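> Pasting the sequence and the predicted model now:
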Amino acid sequence: MGKLTCPFCNSQNTFNIAYGYLGEKKTKKNYINQEDIGLNESYRKGFEKYDFDGERLMSHLPNRYCKNCKNTFQSRKVMYTVDISIINFIICINNNYYRYILDFSDKENPKYSLRINWVSIKENESLTIKNKNKILSSFKEYKPNIWNGHYGKNYDYDEYYWILKCTYYNGACYVKSGNDKVPDNWRHFIKPFKEIFASNIFDLKS
Ligand SMILES: [Zn+2]
């Protein structure tokens with residue numbers, strides 16, 4: 001396995017964390033002991049995590065440690081909406097190409113950019129936390145992560161196409177797309193986008 005990149009600082013100086021119960025792994029290469037990075041024995045029991053809306057989540061222990069910035073992270077776990085870092089939402093309709101980039105990598109200062117036909121219209125504009133949470137609520141409720149990979153014809157479109165790419169803090173991501181076709185719950189999913197960006201380009205119908 002190659003070196004994993006740290007989601008905080010992009011360094012590749014990362015190591016697996018060996019917890020007490022993984023004692024036999026301590027001798028293996030690329031492992032770092034729990035105690036050596038300041039995680040005490042009780043850490044294992046006390047680990048909890050909350051979603052953006054305060055819901056308590058089942059979580060997993062971080063399994064990687066970055067020697068560069070000294071953060072711990074999880075490389076394999078099931079990701080939650082609170083872990084969404086970047087959303088790219090592309091819609092091409094009436095021969096215009098719109099690309100919204102929502103940047104939640106700084107949780108306290110969400111931002112967005114908009115390009116129309118590759119020209120920057122908005123660059124790192126602030127989004128309110130409330131609006132960020134509205135968007136995350138939509139991801140939580142309408143689950144684009146379990147949509148089909150693609151809707152409609154494969155290589156061709158008449159009216160529009162769309163692409164949604166969602167990237168998590170650990171670098172994991174998924175991409176969904178459609179040509180002249182949207183998932184059944186699209187109309188609900190796009191509601192916050194429509195409201196926040198006051199745009200009707202999201203109103204796509206199959
Ligand atoms: Zn780092």
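Yes, it's here.
> For the rest of this, base every contact and every neighbour count on C-alpha atoms.
Noted.
> Can you tell me which residues in this protein are near the ion?
Within the chain, the residues that sit near the ion (CA under 5 Å from the ion) are 6, 8-9, 66, 69.
> Just the buried ones among those, please.
6, 8, 66 (16 or more other CA atoms under 10 Å).
> where does the closest residue to Y19 other than its chain neighbours fall, phi/psi-wise?
Nearest residue to Y19 in three dimensions, chain neighbours excluded: Q34, at 5.2 Å (CA to CA, 6 or more residues apart in numbering). With angles defined as degrees, to the nearest 10, Q34 sits at phi -50, psi -50.
> right, and Q34 touches F15 too?
No: judged on CA atoms under 8 Å, Q34 makes no contact with F15 at a distance of 11.0 Å.
> just to revisit the earlier point, okay, who's weakest in the buried ones among the residues of the chain next to the ion by pLDDT?
Lowest pLDDT among those: F8, with 78.
> Only the buried residues of the longest helix along the chain, if you could.
Ranked by residue count under DSSP state H, the longest helix found in the chain is helix 129-142. Across helix 129-142, burial judged by 16+ other CA under 10 Å covers 129, 132-140, 142.
> same for the next helix or strand after it, what does it pack against?
On the C-terminal side of helix 129-142, the closest following helix or strand by DSSP states H and E is strand 150-152. Secondary-structure packing of strand 150-152 (3 or more CA pairs under 8 Å, 6 or more residues apart in numbering; DSSP states H and E): strand 173-179.
> Mind giving me the packing neighbours of the strand it packs on?
strand 150-152, strand 160-168.
> can you put these in a markdown table and add mean neighbour count?
What follows is those, written out as a markdown table (neighbours: other CA atoms under 10 Å):
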| stretch | mean neighbour count |
| --- | --- |
| strand 150-152 | 17 |
| strand 160-168 | 20 |
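> just so I know, which of the ones you listed lies nearest K194?
Smallest distance to K194 across the helices and strands packed on strand 173-179 (CA to CA): 14.7 Å, for strand 160-168.
> Would you mind pulling the contact partners of the closest one?
79, 83-94, 173-181, 204 (CA atoms under 8 Å, 6 or more residues apart in numbering).
> Format the CA atom coordinates belonging to it as CSV.
As requested, the backbone C-alpha atoms of strand 160-168 are provided in CSV (Å, rounded to 0.1, in the frame of the first residue of the first chain):
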residue,chain,number,x,y,z
TYR,A,160,-29.0,19.2,-20.6
TYR,A,161,-26.4,17.2,-18.7
TRP,A,162,-25.4,17.4,-15.0
ILE,A,163,-22.5,16.2,-12.9
LEU,A,164,-22.3,16.1,-9.2
LYS,A,165,-19.0,15.4,-7.5
CYS,A,166,-18.7,15.2,-3.8
THR,A,167,-15.3,15.0,-2.0
TYR,A,168,-14.8,14.2,1.6
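> The helices and strands packed on strand 173-179 into CSV, with extra columns for mean pLDDT?
CSV is the format used below for these (pLDDT from 0 to 100):
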stretch, mean pLDDT
strand 150-152, 96
strand 160-168, 96
